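# Fold the following, please.
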Amino acid sequence: MKRVVVKAASAALALAAASTLLVGFAAVVSLRQLPYVDALRDYRPDVPLRIFTSDNVLIGEFGNEHREFVPLDRMPRQMSNALLAAEDDQFYQHAGVDIPGIFRAALANIGEGYAQGASTITMQVARNFYLSREKTLARKWYELLLAWKIDRSLPKDRILELYMNQVYLGEHAYGFGSAAQTYFGKPLEALSLAETAMLAGLPKAPSTMNPVVNFPRARLRQQYVLGRMHALGMISHDQYQAARSERLQVAGSNGGHFGGHAEYVAELARQLAYDRFGEAAYTRGLNVYTTVSSVRQSLAYEAVHAGLDQYGKRHGNARGQQAALVSLDSRSGAIEALIGGADFATSRFNHATQALRQPGSTFKPFIYSAALERGVSATTMINDAPLDGSSRWQPGNDDGRFLGAVSVRQALAESRNLPAIRTLQAIGIPYAVDYAGKFGFSEQRLPRYLPMALGTGTTTPLRLAAAYGVFANEGYRTEPYLIERISDGAGNVLFTADSEPQPRRVIPERNAYVMNSLLHSVVTSGTGAGLQRYLRRADVAGKTGTTNDSVDGWFAGYASGIVTVAWMGFDDNRSLGRHEFGATTALPIWANYMEGRLAGQPEAEFVAPKNLVRSGDDWIYPEYADGSHGIAALGFPPPAHPDPAAEPVGMAAPPAAAGPAEPVRASTSPLPPGTTPSPSQPST
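The predicted structure follows:
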C-alpha cells in the first residue's frame, strides 16, 4: 500500500514538475510575443478640445473621448483610496497579479463555466491598452503576463495614474476627472466622500451601473465601496455613516450639451482652433478661453428668444424664422455675446458670422459719413422728392410721402430714402465704395449702383457690428476677435490675443463725433425712438434697417462703447410680414439685451473735437462754416430764371483736399443693364 502511495506521490510530483516546466516554457515563449510597455512611461491619453467662456464656464468639448487628464499628484487622495478599496486593495503589495485572488475566483467559477474575475488594476491597464475584452483563457493568460511585465517596468504610481485617466466610466466619460464633471458637474477636488465612492464603483459596469442609467444599482455599488473603505480603515465610522445617508444630486448626462446657451460660440471657437492646430486640436488637451461672458451670453439668448416668441405670437405662432445677435467691445474688438440662430440643434449655420444679408437702412450712416468729408454737413438740406422722371428706378419712402427739403439729421433720423440716394449721387459711387471699405465692408459685395445707398449690398451681423464700432470708438477700427488665449494640457500658453493687430484710425475724430450725434437723433426722435421704452441714456445711438418686402429686420447701435447688432429674417428670404420692420423685429431684441448689459454702466461722454464748431443748433466743420465752402443743399432744381453770374445753391466747391463732388446726372441709370426696376425699396 505504501508503495502505491509513494508511486502516486511521485507521479503527482512529476506531473507538477512537468506542469511547472510547461507553464514556464509557455511563459517564456509568450513573454517574447508581448508588446513593449516602455511607451506607457511617456503616454498621454487623447484629451479633447475644451472651450470656455471668459469667466471659465465650459461651453463645448470636441474629441472622440471626453477626458480630463489629472496627474496622480493632483488626484485627491480620497479618490484613489476609494478606487483601491473597490478594485484592488493589494495594489501596492502584489507584483501586478494577485495570485490568491485568482485562486479565489477560480474556486468561485467552478461549475459555472469560465467567467472573468480577479483582475488587478495592473491587469486592467494591460487589457485597456493592449488587449481585447473577449473572455477567453488565452486572453487571460496574456493579460497575466503583460500585467507582470508592466509591474516590473513602471512605478506603481504611474500605473495607477494611467488607469485613473484611461478607464471608461460611462456616459462618454474617460477617467475620473471627466466623470466628476459628467455626473456631478464639478471637479474631483470638490466631490464629497459619497460622490467619490459612487465614481469609484463605476469601473465594474460603467454603461449599466452608472447613476444616470440606473441610480439604484449605482447606489448599491457605492454602499459596497464605502463598506470596503470602512473595513480597510480608510474612513472613520462617522464618515462612513454620513456618506451612506448623504443624498446625491446627479447632474445627468449632458448629451453633448453644455451650459451658457453658447453652442454657436463653441463651434466657432472649434473652427478657429482647428484652423491653427489641425487634427491635433482634438487630442492635445487644448483649452480655448473665449472673450464671451456666460452672463452676457445668457442675456443675449433670452433677448433673442423673447424676440422670436413675440414675432411668432404676432403671426399665429409662425415657425422657421431666424434671429441673430452679436455684441462686442468697440475699444478692444472682444466679442462679449453671440447668438447665431434660433436653435443650434436644428441649424448649425451661424447667421451672426456667415449669413450674407442686405443691411438695408443700417448702411445709410456710412453714406452720410463719407459725405461729411465731401462738403456735406448735418445741416445740409436735401430734397426728399422723386428722382428725375427719366430715371427707370423710382424709389419711394416707407410712409409713401415726400417731405421736400429735409436736413441730413432729419433724413437719417427718419430713414428717408431719397435724401440718401441724392447724397450718394453727389459724392460719387466709387468714392463711397472705397470709403465703406475703411469700415471693413467688402468692396466686392457693394453694388456700384445707386440702390447701394439703401443697403442693397451684403454683409454679416458681425461685420456690421465692427463697422458701427468705428463710430463708437471715435474713428478707430478694431477687428472683432473671439479667442482670448489657448493653453495646452500642461498649462503652457500657446496663443494670446495680445498678438492681434491694434486699433487704427480710419475716419477723423470729428466725423465720428458728428455721426454719433446724428445716430443719437435716430433713437430720440426717429425710427429708433421705441428704444425709449427700454433705455433712457444720453449715450445710446443706432439705426434701424428693413430691406425690400421686409425680408430682413435690423437694429445696429451702441452705448458706453458696447456695440450690438440684432437681425431677424428667414433663410429662404420670405417676407417677415407687411407690417414688420427693423423697429418691430430686431429693435426689441437689441433693447432687451442692452438693457441688461448696460445696467450699472456709466454713460459714455463724447467730447467735441476742437476742429468742430456750432452752426445754429448743429455741428459743422469750421472750413464750411462761412458758407463759402461745403454743400448747403442737394437735389433741388435750379431756379426758373437763374442769374448766370450767381453760383447755384449747393454747388459750391468743397475743399480741394476732398476733391470735387461728382455732378448729379439725372439721365444716368442707377441700375445695372437689363435690371427690372422694383417698386419696393429698403427703408427705415
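# how about the helices in the stretch 251-400 of the chain?
Along the stretch 251-400 of the chain, the segments classed as helices by DSSP state H, counting those that start in this stretch run 263-277, 294-314, 364-372.
# Out of those helices, which gets nearest to Gln410?
Nearest to Gln410, of all the helices of the stretch 251-400 of the chain, is helix 364-372, at 11.9 Å by CB to CB. (Glycine included, C-beta is placed from N, CA and C.)
# what residues does that closest one touch?
Contacts to helix 364-372, defined as CB atoms under 8 Å, 6 or more residues apart in numbering, come from residues 376, 380, 408, 412, 415, 420, 423-424, 426-427, 431-432, 435-436, 439, 441, 453-455, 467-468, 471, 507, 511, 514-515, 518-519, 543, 621.
# Reformat the helices of the stretch 251-400 of the chain as CSV; add distance to Pro602.
Shown next, in CSV, are the helices of the stretch 251-400 of the chain (distance: least, CB to CB, whole Å):
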stretch, distance to Pro602
helix 263-277, 27
helix 294-314, 17
helix 364-372, 25
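# Might you report the residue contacts of the residue nearest in space to the middle of the chain?
The residue lying closest to the centre of the chain (CA atoms, centre = their mean) is Val265, at 0.8 Å. Each residue near Val265 by CB under 8 Å, 6+ apart is listed here: Ile51, Thr53, Ile59, Gly60, Thr290, Val292, Gln297, Leu338, Leu482.
# and the third one, that one's in a helix?
No. For Ile59, which was evaluated using DSSP: H, G, I helix; E, B strand; the rest coil, the result is strand, with no helix membership.
# Number the residues from 41 up from this point.
Fine by me, first position is 41 from now on; the one you just mentioned is Ile99.
# right, so the helices of the stretch 291-440 of the chain: which one is the most enclosed?
Of all these, helix 404-412 has the most neighbours on average by mean count of other CB atoms under 10 Å, namely a mean of 26.
# Please work out the average pLDDT along it.
The average of the pLDDT scores along helix 404-412 is 98.
# Alpha carbons of that helix, as CSV, please.
Taking Å, rounded to 0.1, in the frame of the first residue of the first chain, the C-alpha atoms of helix 404-412 are listed here in CSV:
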residue,chain,number,x,y,z
LYS,A,404,-27.1,104.8,-44.7
PRO,A,405,-24.8,106.2,-41.9
PHE,A,406,-21.8,105.2,-43.9
ILE,A,407,-23.0,107.1,-46.9
TYR,A,408,-23.5,110.2,-44.8
SER,A,409,-20.2,109.7,-43.0
ALA,A,410,-18.5,109.7,-46.4
ALA,A,411,-20.4,112.8,-47.4
LEU,A,412,-19.1,114.7,-44.4
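# distance between it and the chain's centre?
Relative to its chain's centre, helix 404-412 lies at 32 Å (CA atoms, centre = their mean, to the nearest Å).
# all helices in the stretch 591-724 of the chain, in order from the N-terminus.
Secondary structure of the stretch 591-724 of the chain (DSSP H, counting those that start in this stretch): helices at 622-637.
# where in it is pLDDT low?
Along the stretch 591-724 of the chain, segments meeting pLDDT under 70 span 680-724.
# let's go with 50 and repeat that
686-722 (pLDDT under 50).
# go on, the stretch 191-340 of the chain?
Scanning the stretch 191-340 of the chain for pLDDT under 50 picks out 295.
# Just list the residues touching the residue lying closest to Gly360 once chain neighbours are set aside, thanks.
Excluding its sequence neighbours, the residue lying closest to Gly360 (CB to CB, 6 or more residues apart in numbering) is Phe610, at 6.1 Å. Shown in contact with Phe610 (CB under 8 Å, 6+ apart): Gly360, Gln361, Gln362, Val591, Leu616.
# switch to 7 Å and redo it
Residues near Phe610 by CB atoms under 7 Å, 6 or more residues apart in numbering: Gly360, Gln361, Gln362.
# Export these as CSV, with columns for neighbour count.
Below are these laid out as CSV (neighbours: other CB atoms under 10 Å):
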residue, neighbour count
Gly360, 11
Gln361, 20
Gln362, 20
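# Need the worst-confidence member of those.
Lowest pLDDT among these: Gly360, 92.
# Now the phi/psi pair for it, please.
Main-chain dihedrals, Gly360, degrees, to the nearest 10: phi 100, psi -10.
# Same check on Leu638?
phi -90, psi 0.
# what's the neighbour count on it?
Other residues near Leu638 come to 19 when the count uses other CB atoms under 10 Å.
# Equivalent analysis for Gln542, please.
10.
# Need the three-state assignment for it.
State at Gln542, reduced to three classes by three-state DSSP: coil.
# How much space separates Ala363 from Leu458?
Using CB to CB, to the nearest Å, we find Ala363 at a distance of 30 Å from Leu458.
# How about His212, nearest residue that isn't a chain neighbour?
His212 sits nearest to His106 (CB to CB, 6+ apart), 4.8 Å away.
# Surely the one you found and Tyr214 touch.
Yes. Between His106 and Tyr214 there is a contact at 6.3 Å, judged by CB atoms under 7 Å.
# and the two? which has more neighbours close in?
Comparing His106 with Tyr214 by other CB under 10 Å, the one with more neighbours is Tyr214, at 27 against 23.
# bridging residues for that one?
Arg107, Tyr208 (DSSP bridges).
# Next up, the contacts around it.
Contacts of Tyr214 by CB under 7 Å, 6+ apart are Glu105, His106, Arg107, Gln206, Tyr208.
# how does it look with 8 Å?
Neighbouring residues of Tyr214 by CB under 8 Å, 6+ apart: Pro85, Glu105, His106, Arg107, Asn205, Gln206, Val207, Tyr208.
# ok, and the most crowded of the residues you listed?
Arg107 (25 neighbours).
# quick one: that residue from Met249, how far?
Arg107 is 20 Å from Met249, by CB to CB.
# picking that back up, can you put the contacts of Val305 in a markdown table and add distance to Leu412?
Compiled in a markdown table, the contacts of Val305 are given as follows (distance: CB to CB, whole Å):
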| residue | distance to Leu412 |
| --- | --- |
| Ile91 | 42 |
| Thr93 | 39 |
| Ile99 | 42 |
| Gly100 | 44 |
| Thr330 | 36 |
| Val332 | 34 |
| Gln337 | 36 |
| Leu378 | 31 |
| Leu522 | 32 |
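# ok, these vs Ala245, which is closest?
The closest of the contacts of Val305, once distances to Ala245 are taken by CB to CB, is Gly100, at 29.2 Å.
# Can you tell me how far the nearest residue to Leu339 once chain neighbours are set aside is from Ile602?
Nearest residue to Leu339 in three dimensions, chain neighbours excluded: Gly636, at 4.4 Å (CB to CB, 6+ apart). For Gly636, the distance to Ile602 (CB to CB) stands at 11 Å.
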